[in-house]
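*Asks:* Okay, structure incoming, though there's no sequence with it:
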């Protein structure tokens, strides 16, 4: 029987395949969210609001990169990454012939 994947499994698979895109989107949403929050603070200068938004987004990005490193480590330890790329490699045609 064919087993259908859940939505969570599909999302996890997409994140594993697109780690850097995920980190970039997380950074962009962090900047946008932080700017939106800081703009509601009336007693701050505009330059301080922008600096705070950048710092919040930078912290979020470091956390996302650490998460991507954990996923990469897990894929390496379980061999899932090797299985994913083995279908693209043809070892028989690349052997040295004497």
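*Replies:* Ah, there it is. Predicted model, so just to flag it, every value in this text is computed and none were measured.

*Asks:* Please report phi then psi for residue 6.
*Replies:* phi -80, psi 170 (degrees, to the nearest 10).

*Asks:* Grab the longest helix from the protein for me.
*Replies:* helix 46-78 (DSSP state H).

*Asks:* and it, which residues are buried?
*Replies:* Residues 49, 52, 53, 56, 57, 60, 61, 64, 68, 71, 75 are the ones in helix 46-78 that count as buried (16 or more other CB atoms under 10 Å). Quick note: C-beta positions are derived from backbone N, CA and C, even for glycine.

*Asks:* Any stretches of the chain with poor pLDDT?
*Replies:* 1-2, 80-98 (pLDDT under 70).

*Asks:* one step back: switch the buried residues of helix 46-78 over to a markdown table; also include distance to residue 37.
*Replies:* Shown next, in a markdown table, are the buried residues of helix 46-78 (distance: CB to CB, whole Å):
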| residue | distance to residue 37 |
| --- | --- |
| 49 | 9 |
| 52 | 9 |
| 53 | 8 |
| 56 | 8 |
| 57 | 12 |
| 60 | 13 |
| 61 | 17 |
| 64 | 19 |
| 68 | 25 |
| 71 | 28 |
| 75 | 34 |
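
*Asks:* Contacts only, for residue 30.
*Replies:* 56, 57, 60, 61 (CB atoms under 8 Å, 6 or more residues apart in numbering).

*Asks:* how near is the closest residue to the last one other than its chain neighbours to residue 33?
*Replies:* Going back to what we said before, that points to residue 61. Nearest residue to residue 61, sequence neighbours excluded (CB to CB, 6 or more residues apart in numbering): residue 27, at 4.6 Å. According to CB to CB, to the nearest Å, residue 27 stands 11 Å off from residue 33.

*Asks:* Thanks again, I'm all set now.
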